[in-house]
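Novice: I need the structure of the sequence given here:
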Amino acid sequence: MERAVKGFAVFDCDAHINDPLRIWDYVPASERELVRATYWRNESEAWLNGATRVNGGGSRGYAAAGMFNPICIAGPQMSKKIIRRLLSMVPLDDAQRDYLEHKGASDPHARVRDLDLMGIDQVLVIPTKVIEHLPYAENPLGAAAFCRAYNDFAADWCGAVPERLFPAALLPVQSPEHAAREVRRVAERGFRVGLVRPIDAQGLYPNDLGAAAAGLQPGASRTSFDALFRAFEETGLVLGMHAFPASRPHRTAGPGLLASPGELLLHAGVDSQTLSFVFESQVWLAQVLLSGFLDRYPRLRMAIFESNSQWLPALLEHCDRLFQLYARERRFPASRLPSEAFDAQCVISFEGDEEPTLRQWRRFQEIGIWSSDAYHHDAADAWGALAAMQRLGVPAPVQEKLLGGNARRAYGIEPKLFVREEPGPIERPAWFPQGPELEAWAEREARRPAPREARPL
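Specialist: As a prediction, the model looks like this:
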């Protein structure tokens, strides 16, 4: 098979590490008990608010069932077909699970070796399980201390290969003032992106700006995120809205309240991974666009992560119509249509198998930023994305924008090309799904009827 060749630098706008245990080594001794009572983990489990046990991403938690760690499974020359076959082989032994756990999820030098295989020149590095759990931390001081530790760790981790690895900052949104302070601190350290998960874990959505914008009741400043968004504007950091699958709220206050719109899927008996990412980002973005938020913060730049993208054109068109239809009901002034504001200040990540997005390349050519989502189970490499673009007729200059140019422009990063040619096949162990055996298995699976309980009525 002919190997692909590229002449431009690919930037992966959203890829992950598996929250290495070294993060907690960065917690000062004076704050160790505070952070231990906020969010702490070992290789087996994690604790939220000192008492609630949650999945922290450690491999030992999966090993008891002979299961590979799904947070570290997808990487160079992996595919969804291979991963489905591996699931059918569980339980796996210790050596097999260790082989399947990509070490680039915790080691920066191993990460760079994987980047070379995946056709990726530069990458924005984002944590994993802390994005799911930290919004539910109840102590603002503990959350702020943990975020400082994580960000110091991330700066050093990426600093091992600074031309290729770029950290995204974790923010303690339990306190807008602490979050704004952390934005300014990490900006001085050279971070380009600050992360906010678009959910309502503390009883306030992160765009609850009504009180600040209208100068309302006493106490409004305590709950307003205005200080945080002003800090993003002042520093030039990109506001990275990163969604996550919903879980049932780990909180003691406000029982019965939804923290994420993705929880509605759980109430319906549906795995929240199916649509929670999309639900969280769509709800956040609709409020932003219809409220005039971006007109209030005209220097703010925002990236929508990990929620796919093919739904965006329809949402923008619908918001434009509603924006005009309900102009008299708008509480705050706004001068631009939602689509105009989005195009001027926002970008959105897409994955290489999103063919509807690639077919709409004219709409996405200035706002689309490619994501591998490595090493999570649905991740894919740049070679596959490049092949899909070429097959669907995306022009070469647009390929370069979508696979790196737009992300680097948003983040203010200079392109550096390290990988030019697709590598040959990786030599795998005999037990690894591959070749005719894999293809025969996939064909049998495609013909096998669904279980009775899974068949549609």
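Novice: what's downstream of the lowest-mean-pLDDT helix or strand in the chain, the next helix or strand?
Specialist: Every helix and strand in the chain was compared by mean pLDDT, DSSP states H and E; the lowest is helix 220-223, with a mean of 48. For helix 220-223, the following helix or strand on the C-terminal side (DSSP states H and E) is helix 226-235.
Novice: Need the CA coordinates for that next one. CSV is fine.
Specialist: C-alpha atoms of helix 226-235 as CSV (Å, rounded to 0.1, in the frame of the first residue of the first chain):
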residue,chain,number,x,y,z
ASP,A,226,-17.5,38.0,34.5
ALA,A,227,-14.1,38.2,36.3
LEU,A,228,-13.0,34.9,34.6
PHE,A,229,-14.1,36.0,31.1
ARG,A,230,-12.4,39.4,31.5
ALA,A,231,-9.2,37.5,32.5
PHE,A,232,-9.4,35.5,29.3
GLU,A,233,-9.8,38.7,27.3
GLU,A,234,-6.9,40.4,29.0
THR,A,235,-4.4,37.6,28.7
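Novice: quick one: contacts of the very next helix or strand once past that helix?
Specialist: Following helix 226-235 in sequence order, the next helix or strand is strand 238-242 (DSSP H and E). For strand 238-242, the surrounding residues in contact (CB atoms under 8 Å, 6 or more residues apart in numbering) are 14, 126, 131, 168, 192-198, 229, 232, 281, 284-285, 300-306, 410-411. For the C-beta atoms, the positions are set from N, CA and C on the backbone; glycine is no exception.
Novice: avg pLDDT for strand 238-242?
Specialist: Strand 238-242 shows a mean pLDDT of 96.
Novice: Stretch 305-320 too?
Specialist: The model assigns stretch 305-320 a mean pLDDT of 96.
Novice: and what of stretch 8-23?
Specialist: 96.
Novice: And that stretch, what's buried?
Specialist: 8-20, 23 (16 or more other CB atoms under 10 Å).
Novice: Nearest to Pro313 among the residues you listed?
Specialist: Cys13 (19.2 Å; CB to CB).
Novice: you'd agree the closest one is up against Ile348?
Specialist: No. Judged on CB atoms under 8 Å, Cys13 makes no contact with Ile348 at a distance of 9.5 Å.
Novice: Next, show the common contact partners of these two.
Specialist: Common neighbours of Cys13 and Ile348 (CB under 8 Å, 6+ apart) are Ala303, Ile369.
Novice: where do the strands sit along this structure?
Specialist: Under the criterion DSSP state E, the chain contains strands at 11-16, 39-41, 46-48, 52-54, 122-126, 165-170, 193-196, 238-242, 302-305, 346-350, 368-370.
Novice: which other helices and strands contact the last one?
Specialist: If I follow you right, that is strand 368-370. In terms of contacts (3 or more CB pairs under 8 Å, 6 or more residues apart in numbering; DSSP states H and E), strand 368-370 is packed against strand 11-16, strand 346-350, helix 406-411.
Novice: Starting from Thr235, give me the distance back to Ala227.
Specialist: 13 Å (CB to CB, to the nearest Å).
Novice: what about the stretch 251-400 of the chain, any weak spots by pLDDT?
Specialist: 251-256 (pLDDT under 70).
Novice: And for the stretch 1-150 of the chain?
Specialist: For the stretch 1-150 of the chain, the ranges with pLDDT under 70 are 1.
Novice: sorry, back to before: I'd like the strands of the chain as JSON lines, with distance to Glu437 appended.
Specialist: Output for these, formatted as JSON lines (distance: least, CB to CB, whole Å):
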{"stretch": "strand 11-16", "distance to Glu437": "30"}
{"stretch": "strand 39-41", "distance to Glu437": "38"}
{"stretch": "strand 46-48", "distance to Glu437": "37"}
{"stretch": "strand 52-54", "distance to Glu437": "38"}
{"stretch": "strand 122-126", "distance to Glu437": "33"}
{"stretch": "strand 165-170", "distance to Glu437": "36"}
{"stretch": "strand 193-196", "distance to Glu437": "41"}
{"stretch": "strand 238-242", "distance to Glu437": "38"}
{"stretch": "strand 302-305", "distance to Glu437": "36"}
{"stretch": "strand 346-350", "distance to Glu437": "33"}
{"stretch": "strand 368-370", "distance to Glu437": "32"}
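Novice: what's the closest non-adjacent residue to Ser59?
Specialist: If the residues on either side of it in the chain are set aside, Ser59 comes closest to Asn69, at 4.6 Å by CB to CB, 6 or more residues apart in numbering.
Novice: was I right about the one you found contacting Asp98?
Specialist: No. Counting by CB under 8 Å, Asn69 stays clear of Asp98, with 9.9 Å between them.
Novice: More neighbours: which of the two?
Specialist: Asn69 (22 against 14; other CB atoms under 10 Å).
Novice: List the contacts of that one.
Specialist: Asn18, Gly57, Ser59, Tyr62, Arg97, Leu100, Glu101 are the contacts of Asn69 under CB under 8 Å, 6+ apart.
Novice: Next step: those restricted to helices.
Specialist: Tyr62, Arg97, Leu100 (DSSP state H).
Novice: returning to what we had before: from the buried residues of stretch 8-23, pick the one nearest Gln360.
Specialist: Cys13 (18.2 Å).
Novice: Distance check, that closest one against Ala344.
Specialist: Cys13 is 19 Å from Ala344, by CB to CB.
Novice: again, but for Phe418
Specialist: The value you get for Phe418 to Ala344, if CB to CB is used, is 32 Å.
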